[in-house]
Structure formats: structure tokens, C-alpha cells
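Engineer: I'll drop the sequence and a predicted model, then ask my questions.
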Amino acid sequence: MNNMKKIYVEIIASFNKNGEIRPLKLIWEDGISYEIQKIIDIRPAASLKAGGCGIRYTCKINGQERYLFLEETKWFVEAN
């Protein structure tokens, strides 16, 4: 059984004239912020590890590839 959970995070994002959302910075629970260096992919998807679904952003954050989910109006990452 997988014991991953959702960690809701604050996101600084930009919205272009077509309404597309681009996350720019992730602010962790402890207040530390991480620049989103690159967005690799954007697609509707479910979080198979933590549950929930929405728009999944595959991002490069702090040199690592991570999934960032936009679930309705809240952002989360998967964590142990």
C-alpha cells in the first residue's frame, strides 16, 4: 500500500492572454520558495500515489523532475 500524501503548497503563477496558467515559484509549508525552472509537460491526470486529479504539471524544480497538481483551485505535490 502506498503511503504518499498530498502536500498543499502556495504557487506564484502567471496567466497569459489565452488564460493559460504557468506556475513560476513553489512556496513550501515552511516558507522556503523554489523556482520552477522548467515546465516539461501539462496534461489532465490523476495522482496515482496520493489520490486526487486535475491538471498535472511535470516541472523541473531544484534540479529534479516533480509533478505539481492543480486540483480545482488548490495546488499540491506528492510526498511521503
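Structural biologist: Thanks, I have the structure now.
Engineer: alpha carbons only for contacts and neighbour counts from here, please
Structural biologist: Noted.
Engineer: give me every residue that touches residue 62.
Structural biologist: Residue 62 makes contacts with 34-37, as judged by Cα atoms under 8 Å, 6 or more residues apart in numbering.
Engineer: what are the ranges of the strands in this structure?
Structural biologist: Assigned by DSSP state E, the strands in the chain fall at 5-15, 21-27, 33-46, 53-61, 64-71, 74-79.
Engineer: Need those strands in TSV (columns: mean neighbour count and mean pLDDT).
Structural biologist: Listed next are the strands of the chain as TSV, based on neighbours: other Cα atoms under 10 Å; pLDDT from 0 to 100:
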stretch	mean neighbour count	mean pLDDT
strand 5-15	15	95
strand 21-27	17	97
strand 33-46	14	96
strand 53-61	18	95
strand 64-71	19	95
strand 74-79	17	92
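Engineer: need the contact list for the residue positioned nearest the centre of the chain.
Structural biologist: Nearest to the geometric centre of the chain sits residue 68, at 1.8 Å (Cα atoms, centre = their mean). When contacts are counted by Cα under 8 Å, 6+ apart, residue 68 touches 56-59, 75-78.
Engineer: Residue 15 now?
Structural biologist: Contacts of residue 15 (Cα under 8 Å, 6+ apart): 21-22.
Engineer: same question, the one 10 residues further on
Structural biologist: By Cα under 8 Å, 6+ apart, the contact set of residue 25 is 11-13, 33-36.
Engineer: What is the nearest of the residues you listed to residue 64?
Structural biologist: The shortest gap between residue 64 and any of these belongs to residue 36, at 10.0 Å (Cα to Cα).
Engineer: Give me the distance between that closest one and residue 44.
Structural biologist: 19 Å (Cα to Cα, to the nearest Å).
Engineer: Skip the chain neighbours and tell me the closest residue to residue 33.
Structural biologist: Spatial nearest neighbour of residue 33, chain neighbours left out: residue 27 (4.2 Å); criterion: Cα to Cα, 6 or more residues apart in numbering.
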